[in-house]
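from the sequence below, what's the structure:
(one chain, ligands or ions: 1)
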Amino acid sequence: MKRIVVLGSTGSIGRQTLDVVRSFPQNFKIVGLAAGSRGEKLSEQITEFLPEMIFCNEKNFLQNNNFDSSCHLVSMEEMVVQENVDIVVVATSGDVAMNPIVNAIRAGKIIALANKEPIVIAGKFLTDLARECQAEIRPLDSEPNAIWQCLQGDPSVSNVIITASGGALRDWDITELYNVKVKDALNHPNWQMGEKITIDSATMMNKVFEVIEAHWLFGLSWSQISVYVHPESLIHSMVEFVDGSIKAALASPDMRIPIQYGLFYPDRFFNPNVSRLDLLAQKNLNFSPLDNKRYPCFNIALEYAKKEGTWPAVLVGIDEVVVETFLNGKLKFGEIPKVFEKVLSQYVDHNDGSLKAMIDAVKWSKLNTYEIVNSIGDNDA
Ligand SMILES: NC(=O)c1ccc[n+]([C@@H]2O[C@H](COP(=O)([O-])OP(=O)(O)OC[C@H]3O[C@@H](n4cnc5c(N)ncnc54)[C@H](OP(=O)(O)O)[C@@H]3O)[C@@H](O)[C@H]2O)c1
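Residues are numbered from 1 along each chain as shown. Next up is the predicted model:
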């Protein structure tokens, strides 16, 4: 029986993790649940899974809910280090779980990571720390999870190909992208995901983050990683080996499959609740290179990511603010690449290898991005 904590249990990945746990009650026990503002959803989950530890970022959560005295309210930092925790699933968004991840690594836990921002912000720091503390970081995100599966028993890698669905706007006329509506950018053809990652998919920033993630998690050089658009989202990524063979990991676009692999690794079990991929029903598997005109953020951001140091952290900060301001109508979709370029051109890297330097870079970039977005708003007025 593996004892699991889920950080971000009320979100898209969190709920799907609980669904996997629901399918295997003999194998997994939820010992901790943590959420942000959806107290009501968390309360339902507590009633169903009876965790010993809970965290909610909502102020009035405890006033509005009564729980058994065996259920304790603790911080996420405390929750992940308890002795009765085997696996910490990180399904939060943004960088809110950075300190809990560091604590979990120091405590030598298995970290099943869907949340890519922390590894993008501090990839070298976290992977070095994990090696030192003999903690395991298992990727749940479908693309790095696919690479991880392809690499099993096969270390002679030549390069990896990360696939991209192309996002909600992949078939739109490029001239119409500038003023695209929020609801259209959120209308992903293949995946049901949280809002942030769905917009990141439309701008292709999600793939920039996955390239950075693959660089750190699998120790690949930047030139070993490429991205192809694959609109069917059936091949989740591929690894080409030195002898020219290519392994691809295919599955239905259902996040419960990589989540289950991450929880059970190295074992595999039949789950009657996940959809199977019917290859005979597929007419085509298409691939194309990224079109820089459609996805200008990709090259802008990747060029800076490759400088390493605190640059990836700056990308995360900018991205968080551009997505937030796009979603609340303060920024146009077509203005997003300009904002990236402006903020990046003003940044001076202050990297001393510390986690603080990375966190400071995120803070700096958020502040400066708000300023630049506001100045665009002023110019428009
Ligand atoms: N969704 C996918 O299919 C998918 C696929 C691959 C990778 N990912 C990655 O996985 C991560 C999660 O994505 P998602 O789509 O599941 O996001 P989501 O639906 O927005 O869920 C985010 C979760 O984080 C919680 N949270 C936010 N602020 C918090 C805080 N201060 N303290 C504690 N919990 C907090 C939210 O709680 P409340 O809801 O209660 O506010 C929610 O449970 C992202 O990094 C994303 O890039 C997602």
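
okay, CA-based contacts and neighbour counts for the rest of this
Will do.

is the ligand contacted by the helix or strand harbouring Ala313?
In this assignment (DSSP states H and E), Ala313 forms part of helix 311-327. No. Taking CA under 6 Å from any ligand atom as the criterion, helix 311-327 and the ligand are apart, separated by no less than 10.7 Å.

continuing past that helix, what's the next helix or strand?
Taking DSSP H and E, what comes next after helix 311-327 is helix 336-346.

give me the distance from the helix holding Ala313 to the chain's centre.
Averaging C-alpha positions (CA atoms, centre = their mean, to the nearest Å) puts helix 311-327 14 Å from its chain's average.

what does stretch 339-356 give?
21 Å.

please name the nearest non-neighbouring residue to the residue in the stretch 251-381 of the chain that the ligand sits nearest to.
Ranked by CA to the nearest ligand atom, the top residue of the stretch 251-381 of the chain for proximity to the ligand is Met255, at 5.9 Å. The spatial neighbour of Met255 that comes closest, neighbours along the chain excluded (CA to CA, 6 or more residues apart in numbering), is Ser142 at 6.7 Å.

burial of that neighbour, as a residue count?
A count of neighbours around Ser142, defined by other CA atoms under 10 Å, yields 26.

mind listing what it touches?
By CA atoms under 8 Å, 6 or more residues apart in numbering, Ser142 lies in contact with 236, 255, 258.

so how far is Pro51 from the closest residue to Lys2 other than its chain neighbours?
Once flanking residues are discounted, Lys2 sits nearest to Phe28: 4.9 Å by CA to CA, 6+ apart. Here Phe28 is placed at a distance of 12 Å from Pro51 (CA to CA, to the nearest Å).

what residues of the longest helix anywhere in the chain count as buried?
Criterion DSSP state H: the longest helix present in the chain is helix 355-380. Within helix 355-380, the residues scored as buried using 16 or more other CA atoms under 10 Å are 355, 357-366, 368-370, 372-373, 376.

next, the angle from it to helix 311-327.
40 degrees (axes from the mean of the first three to the mean of the last three CA atoms, to 10 degrees).

to what extent is Ile101 buried, counted in neighbours?
Per other CA under 10 Å, the neighbour tally for Ile101 reads 27.

elements contacting the strand or helix carrying it?
Using DSSP H and E, Ile101 sits in helix 98-106. Contacts defined by 3 or more CA pairs under 8 Å, 6 or more residues apart in numbering; DSSP states H and E place helix 98-106 against helix 76-79, strand 110-113, helix 117-133.

surely Ser37 meets Phe55?
No. Assessed by CA atoms under 8 Å, Ser37 is found out of contact with Phe55, at 10.5 Å.

which one of those two is surrounded by more residues?
Applying other CA under 10 Å to Ser37 and Phe55 shows that Phe55 carries more neighbours, namely 23 against 14.

pLDDT score for the nearest residue to that one once chain neighbours are set aside?
Using CA to CA, 6+ apart and skipping the chain neighbours, the partner closest in space to Phe55 is Ala34 (4.5 Å). At Ala34, the pLDDT value in this model is 97.

any chance you could map the strands in the stretch 201-350 of the chain?
225-229, 235-241, 246-250, 288-289 (DSSP state E, counting those that start in this stretch).

ok, the third one: who's next to it in the sheet?
Counting by DSSP bridges, the strands paired with strand 246-250 are strand 235-241 (antiparallel).

now swap in the first one and tell me
On the basis of DSSP bridges, the sheet neighbours of strand 225-229 come out as strand 157-164 (parallel), strand 288-289 (antiparallel).

if we can go back for a sec, what helix or strand is the residue nearest to Phe55 on?
Assigned by DSSP H and E, Ala34 falls within strand 28-35.

does that strand reach the ligand?
Yes. Counting by CA under 6 Å from any ligand atom, the ligand has neighbours in strand 28-35: 34-35.
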